[in-house]
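Visitor: output the structure for:
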Amino acid sequence: MDLTLDTTQTLLRDSVRAYLEAELPFERIRALEREGRSDDVLWKALCAQGWLGVPLPETWGGGGASLVEAGLVLEELAKRAAIVPAAEVLACLLALARAGDPESAAALARDALAGSAVPVPACLEPGGDPRRLDLAPRGGLLHGEKRFVDYAESATHHLVSARDGGEPALFLVARDATISRRPLRAIGRTPQAHVRYAGSRATRVGGAGACRELGLLSRLFAAVQCLGAAQAALDQTVRYASVRVQFGRAIGSFQAVKHHAANMAMRVEASRFLVYEALAAHSRGEATPRRIALAKASASRTAPEVTLLAHQIHGGNGVIEENDLYFFTLRGKDRSLAWGSTEECLAEACEGLERPRDWLHGA
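Guide: Residues are numbered from 1 along each chain as shown. Predicted coordinates:
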């Protein structure tokens, strides 16, 4: 895949980047972290500017672009440590657009683009395996719980995975008094909660295909967020190494620091290729779950490794939270675990492969 952006993609990326740099100071993000809430001001701007709808069908009021353009928007948000449910909402809407009920998807998408609906995925049950579903609606009502639901507090709807006749399915649940939420202190300092449904009315909006699509898109978008955190840490570290002076010269001129920076850059570019190749392939309907798992495995490994090297180059200055580096360390680690860690994704990618043969003993 050629990673060179065309004119439209470059304009989109630069527009989002310029807006975030001008309108989203890191001090506001620190305040949001302390309050444990999402950025309502930025969310309204994303909807008003049309950036949220970039990959959605034009008949819904979207831009009709590919997942690559969606990735560009999400990466810029991750590079600014923005606290908005863009990845979650897009995963829900695109999963329904690709494999869900068209009428429900269109209505939800129009409300989301207008800023009045915020659907988020709710897929993980207490067992910890997203493929194992014990939750099943009875009489159209849902009883049970989901773990680690991102932005559950600010969501207007939950897109819940559950069993329907023994098969996985997606159910849309509007937030009301039957839903209770227990906020969590997540690694990434973004809003997250355990959610309990006590007779919540659930509308079926997709079958097994939609359920699978939601998982794949969520995994892809989490990989993009890992990539954004790693790229931001790399950029900040290169700037710091060029101005931090020791022994009468910038530390970036020392060979050991150059080696670290080169290793960081190689990890980021390798992951960028895999992630954007997977985004492009999935847009064309050609990506396999194995390819997406490998892209996420690479990004999940890259984010912690790159941010760790960034801290080594920053030294003591990188430990204090007055330094913006901690945003990307924490967000990168959080997203590296979300929707499949490196080990989990590699294990999935290896499923079905032929076991190695013991040639010595003839087994």
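Visitor: contacting residues for residue 135?
Guide: 125, 142, 143, 144, 145, 146, 160, 161, 162, 163, 197 (Cβ atoms under 8 Å, 6 or more residues apart in numbering). Bear in mind the C-beta positions are built from the backbone N, C-alpha and C, glycine included.
Visitor: mind putting those into a markdown table with secondary structure, distance to residue 153 and pLDDT?
Guide: Formatted as a markdown table, the contacts of residue 135 follow (DSSP: H, G, I helix; E, B strand; the rest coil; distance: Cβ to Cβ, whole Å; pLDDT from 0 to 100):
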| residue | secondary structure | distance to residue 153 | pLDDT |
| --- | --- | --- | --- |
| 125 | coil | 20 | 90 |
| 142 | strand | 19 | 96 |
| 143 | strand | 21 | 95 |
| 144 | strand | 19 | 94 |
| 145 | strand | 16 | 95 |
| 146 | strand | 14 | 96 |
| 160 | strand | 16 | 97 |
| 161 | strand | 20 | 96 |
| 162 | strand | 21 | 96 |
| 163 | strand | 26 | 94 |
| 197 | strand | 15 | 97 |
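Visitor: buried subset of the residues you listed as a ChimeraX selection?
Guide: To isolate in ChimeraX the members of the contacts of residue 135 that are buried, counting by 16 or more other Cβ atoms under 10 Å, one can use:
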select :125,142,144,145,146,160,161,162,197
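Visitor: just the contacts of residue 135 now: which is nearest residue 275?
Guide: Nearest to residue 275 among the contacts of residue 135, counting by Cβ to Cβ, is residue 161 at 23.9 Å.
Visitor: so that closest one touches residue 123, yeah?
Guide: Yes. Between residue 161 and residue 123 a contact is recorded at 4.5 Å, counting by Cβ atoms under 8 Å.
Visitor: please enumerate the shared neighbours of these two.
Guide: Joint contacts of residue 161 and residue 123 (Cβ under 8 Å, 6+ apart) are 130, 214.
Visitor: tell me what the one helix or strand residue 11 maps to is packed against?
Guide: Per DSSP states H and E, residue 11 falls inside helix 7-23. The helices and strands touching helix 7-23, judged by 3 or more Cβ pairs under 8 Å, 6 or more residues apart in numbering; DSSP states H and E, are helix 40-49, helix 67-79.
Visitor: swap in 7 Å and give it another go.
Guide: Identification of packing neighbours for helix 7-23 by 3 or more Cβ pairs under 7 Å, 6 or more residues apart in numbering; DSSP states H and E yields helix 67-79.
Visitor: convert the C-alpha atoms of the helix it packs on to CSV, please.
Guide: These are the backbone C-alpha positions of helix 67-79, laid out as CSV (Å, rounded to 0.1, in the frame of the first residue of the first chain):
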residue,chain,number,x,y,z
LEU,A,67,-11.9,4.0,6.8
VAL,A,68,-8.5,5.5,5.9
GLU,A,69,-10.0,9.0,6.3
ALA,A,70,-11.7,7.9,9.5
GLY,A,71,-8.2,6.8,10.7
LEU,A,72,-6.7,10.2,9.9
VAL,A,73,-9.3,11.9,12.1
LEU,A,74,-8.9,9.5,15.0
GLU,A,75,-5.2,9.6,14.9
GLU,A,76,-5.2,13.4,15.1
LEU,A,77,-7.5,13.2,18.1
ALA,A,78,-5.3,10.6,19.8
LYS,A,79,-2.2,12.8,19.1
